[in-house]
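1. just the structure for this:
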Amino acid sequence: MSVKEVPKPDFMDEEEWSKLIATRDAKIIAAVAKVHVEQYIAAGGEGDTYYTQGGPTCLVTSVGRKTGNDVISPVNFMQEGDDVYIVGSIAGLDKHPHWALNLEATPQAWVQVKAKRYPARVERLAGEARAEVWPRLVEFFPLWGHFQKYCDREFMVFRLSPLEQ
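-> Below you'll find the model as predicted:
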């Protein structure tokens, strides 16, 4: 399986891009994510654990589609009101990220933004709903749009809305 070359976007400097592209491998991303989750929880989402790759990061707990166990993933997000939007870009690799496949299989999740953790209703946005929000997502976090340009699969987009407790 080959990984498509992606040119450096104009909105990133050479050093930022080199660091990002050097880790553009599913196994490296998984290993870094595991450490990131531990650091995020320990720091309450503050400092370097919150702002990564040029955007804010939350933790999403999904139900593993194969194991049924909780799986915690650090994910860049955009917030509008109480809703959190996440995009399954995984740096434009050719497969959807595991967390996105998990949310598709079992649309329930917990979201942690900094120290606040809450259960969320999960809605995968497709068709017109995805098209309506996509320009705002790309304006907010340009890497999503950049990687989408060079990827054959359409990135999954989810809206996570807090459940009343």
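
2. quick one: the helices in this protein?
-> 14-22, 26-43, 98-105, 127-140, 142-149 (DSSP state H).

3. name the stretch among those helices that sits most buried.
-> helix 98-105 (a mean of 20; mean count of other Cβ atoms under 10 Å). Glycine gets a C-beta too; all of them are placed from N, C-alpha and C.

4. what angle sits between it and helix 26-43?
-> 80 degrees (axes from the mean of the first three to the mean of the last three Cα atoms, to 10 degrees).

5. look at the residue nearest to Pro142 when sequence neighbours are not counted and report its pLDDT.
-> Take Pro142 and drop its neighbours on the chain: the residue closest to it by Cβ to Cβ, 6 or more residues apart in numbering is Phe11, 5.2 Å away. Here, the pLDDT recorded for Phe11 equals 92.

6. summarise which helices and strands the helix or strand of the chain with the lowest mean pLDDT is packed against.
-> Lowest on mean pLDDT, DSSP states H and E among the helices and strands of the chain sits strand 51-52, with a mean of 86. Of the remaining helices and strands, none touches strand 51-52 by 3 or more Cβ pairs under 8 Å, 6 or more residues apart in numbering; DSSP states H and E.

7. contacts for it, please.
-> Residues outside strand 51-52 that contact it (Cβ atoms under 8 Å, 6 or more residues apart in numbering): 36, 57, 74, 76.

8. present the residues you listed as a markdown table; the columns should include distance to Pro142 and pLDDT.
-> Shown next, in a markdown table, are the contacts of strand 51-52 (distance: Cβ to Cβ, whole Å; pLDDT from 0 to 100):
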| residue | distance to Pro142 | pLDDT |
| --- | --- | --- |
| His36 | 21 | 95 |
| Thr57 | 16 | 96 |
| Pro74 | 19 | 97 |
| Asn76 | 11 | 97 |
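
9. closest one of these to Gly68?
-> Pro74 (21.4 Å; Cβ to Cβ).

10. much appreciated, bye for now.
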